[in-house]
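K.L.:
Got a predicted structure here, sequence first:
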Amino acid sequence: MTETERLRASRWSTVVLLLLVGIFVVRLSSEGELVLPPQPAGAGSAVSDADRDADSVPMPRPAGTAARAAPPLPGSTATRIRIPSVHVDAPMTRVSLDPEGWIDAPPPGRPDLAGHFRGSVTPGEQGTSVIVGHVDTGRGPAVFYDLGRLARNSRVEVARADGTTAVFTVYGVKGFTKRGFPAASVYRLTGAPELRLITCGGAFSEKTGYQGNVVAFARLTETRKAA
């Protein structure tokens, strides 16, 4: 199965907004059944009228531990991402816009890579940082295959080139249809250092691929320095 993922960038005031688009040849089980990645609880497979009205889609809100944001960090390139609860331990690359104005995902031949979008702040800076990754490839599950399994209060650790590790606490994971993706709400500035992890998911069409996106919402809650 081959995967192609692209993001298209637009502007909402001064906030960079992204929208993933995926076209896939999906994997089949040994019995010939369609194998789809895990989905967040309550993620719908159909495009409803509510999905088309982006302003009507409720966003996760920080609560409990995730509400206590740590002070922001200066900018520094992300080098590795770890999400212990879903067994992610992956090197980072940087992704940017292609000549057509779409944001490239990491190279399809590197399913182990996660990509930080250059147009967003680096992880830990004040603002909303964006990291994307493939959900699967022809060789099987890729770096963010299990993103839909993330639970509230899961930890996301992003190692940075300056020797610090930005530790984020997940406060929500949602599935959105591409047609109704509420970009302005997903990428809004919250007044705290935030992180969004994104991959493809949802229902699948043989013609157009995955019909949705899985988005994890997280907030910086701790900073560690290398010994």
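P.N.:
It's in. Computed from a predicted structure; not experimentally measured.

K.L.:
Which pLDDT value belongs to the residue nearest to the spatial centre of the chain?
P.N.:
When C-alpha atoms, centre = their mean is applied to the chain, the residue found nearest the centroid is Ile198 (1.7 Å). On pLDDT, Ile198 comes in at 92.

K.L.:
now it, what's its secondary structure?
P.N.:
The local conformation at Ile198, judged by DSSP: H, G, I helix; E, B strand; the rest coil, is strand.

K.L.:
Does it touch Ser129 like I think?
P.N.:
No. With contacts counted by C-beta atoms under 8 Å, Ile198 stays clear of Ser129, the gap being 11.3 Å. Glycine gets a C-beta too; all of them are placed from N, C-alpha and C.

K.L.:
Poorly predicted segments of this structure, please.
P.N.:
For the chain, applying pLDDT under 70 flags the ranges 1-35, 42-57, 64-67, 98, 100-103, 227.

K.L.:
now with 50?
P.N.:
Along the chain, segments meeting pLDDT under 50 span 1-30, 43-55.

K.L.:
residue ranges of the helices in the chain, please?
P.N.:
49-52, 183-186 (DSSP state H).

K.L.:
mind listing the strands in the chain by residue range?
P.N.:
Taking DSSP state E as the criterion, the chain carries its strands at 3-12, 15-24, 78-83, 88-95, 102-104, 114-117, 127-133, 136-137, 140-141, 155-160, 164-177, 193-205, 209-225.

K.L.:
neighbouring strands for the longest one, and are they parallel or not?
P.N.:
Pointing back at strand 209-225 there. Applying DSSP bridges, strand 209-225 is found paired with strand 164-177 (antiparallel), strand 193-205 (antiparallel).

K.L.:
Please determine how far Pro193 is located from Glu222.
P.N.:
11 Å (C-beta to C-beta, to the nearest Å).

K.L.:
Those two: who's more crowded?
P.N.:
Regarding Pro193 and Glu222, a neighbour count based on other C-beta atoms under 10 Å identifies Pro193 as having more, with 26 against 13.

K.L.:
what about that one, distance to Gln126?
P.N.:
For Pro193, the distance to Gln126 - C-beta to C-beta - is 6 Å.

K.L.:
what do those two both touch?
P.N.:
Pro72 (C-beta atoms under 8 Å, 6 or more residues apart in numbering).

K.L.:
Are there residues contacting both of Pro193 and Glu222? Which ones?
P.N.:
Ala70.

K.L.:
Any idea what the residue nearest to the centre of the chain is bridged to?
P.N.:
Beta-bridge partners of Ile198, as defined by DSSP bridges: Val132, Val215.

K.L.:
now swap in Thr177 and tell me
P.N.:
Gly212.

K.L.:
Do I have it right that it meets Val214?
P.N.:
No. Between Thr177 and Val214 there is no contact under C-beta under 8 Å: 11.4 Å.

K.L.:
who has more neighbours, those two?
P.N.:
Val214 (28 against 21).

K.L.:
Not counting residues beside it along the chain, what's closest to the more buried one?
P.N.:
Spatial nearest neighbour of Val214, chain neighbours left out: Gly201 (4.0 Å); criterion: C-beta to C-beta, 6 or more residues apart in numbering.

K.L.:
so what's the one you found up against?
P.N.:
36-37, 39, 43, 135, 147-148, 175, 210, 212-214.
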